[in-house]
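Engineer: With the sequence up front, the predicted model follows.
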Amino acid sequence: MSGILKRPDGAAANAIASSGAANEISARPMDAFESVRVEDIIKNVYGPYKPINSTDIRLNVPVFAESSEVVPVSVSTSIPGVNSISIIVEGNKVPLIGTFKISANVDPYVSTRLQIEKTTNVIALVKTSSKVYLASADIVIGSKDGCF
């Protein structure tokens, strides 16, 4: 069964609410959305797994964004056997953007547009059946008048 999980800030995020392996990802979704520390988010989404930095993850974010309202972000990877991809924006009030379950029949790729509240670090987490990998990138957000 799939559903919509309301984030604490009122935004809707897809939540995986099914049986089997997917429960590993969605066992504590509200705790993950309520967490503000990256370490707590990772623990609440992926349990005991410790992320490993990886150059095999391509996290595409602009270095500078004139507006914080619509920032394009995409994540792809060449790591085999990907189960899910999560995106975290450290500087947001609700840092966990979402966790996207990846089917074995598709290339591991997620593309979205985000509201990023301030200059911060964006983190992509990629989970396989046995490990969690991490990549991050800094983004500078311009002020409301477009200045940096």
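Structural biologist: Great, that's in hand. Numbers count the residues shown, from 1 in each chain.

Engineer: so where's the protein shaky on pLDDT?
Structural biologist: Scanning the chain for pLDDT under 70 picks out 1-29, 143-148.

Engineer: longest helix of it?
Structural biologist: Ranked by residue count under DSSP state H, the longest helix found in the chain is helix 38-46.

Engineer: burial of Gly81, as a residue count?
Structural biologist: The burial count assigned to Gly81 is 12, neighbours taken as other Cβ atoms under 10 Å. Quick note: C-beta positions are derived from backbone N, CA and C, even for glycine.

Engineer: can I assume it is in contact with Lys131?
Structural biologist: No: using Cβ atoms under 8 Å, Gly81 is not in contact with Lys131, being 9.4 Å away.

Engineer: list the buried ones in stretch 34-43?
Structural biologist: Buried residues in stretch 34-43, defined by neighbour count with 16 or more other Cβ atoms under 10 Å: Ser35, Val38, Ile41, Ile42, Lys43.

Engineer: Tabulate the CA atom coordinates of it in PDB.
Structural biologist: Extracted in PDB, the C-alpha atoms of stretch 34-43 (Å, rounded to 0.1, in the frame of the first residue of the first chain):
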ATOM      1  CA  GLU A  34      11.100  15.600  12.500                       C
ATOM      2  CA  SER A  35      14.900  15.200  12.900                       C
ATOM      3  CA  VAL A  36      17.100  18.200  12.200                       C
ATOM      4  CA  ARG A  37      20.600  16.600  12.500                       C
ATOM      5  CA  VAL A  38      21.800  14.700   9.500                       C
ATOM      6  CA  GLU A  39      23.100  11.800  11.700                       C
ATOM      7  CA  ASP A  40      19.600  11.400  13.200                       C
ATOM      8  CA  ILE A  41      17.900  11.500   9.800                       C
ATOM      9  CA  ILE A  42      20.200   8.800   8.500                       C
ATOM     10  CA  LYS A  43      19.600   6.600  11.600                       C
END
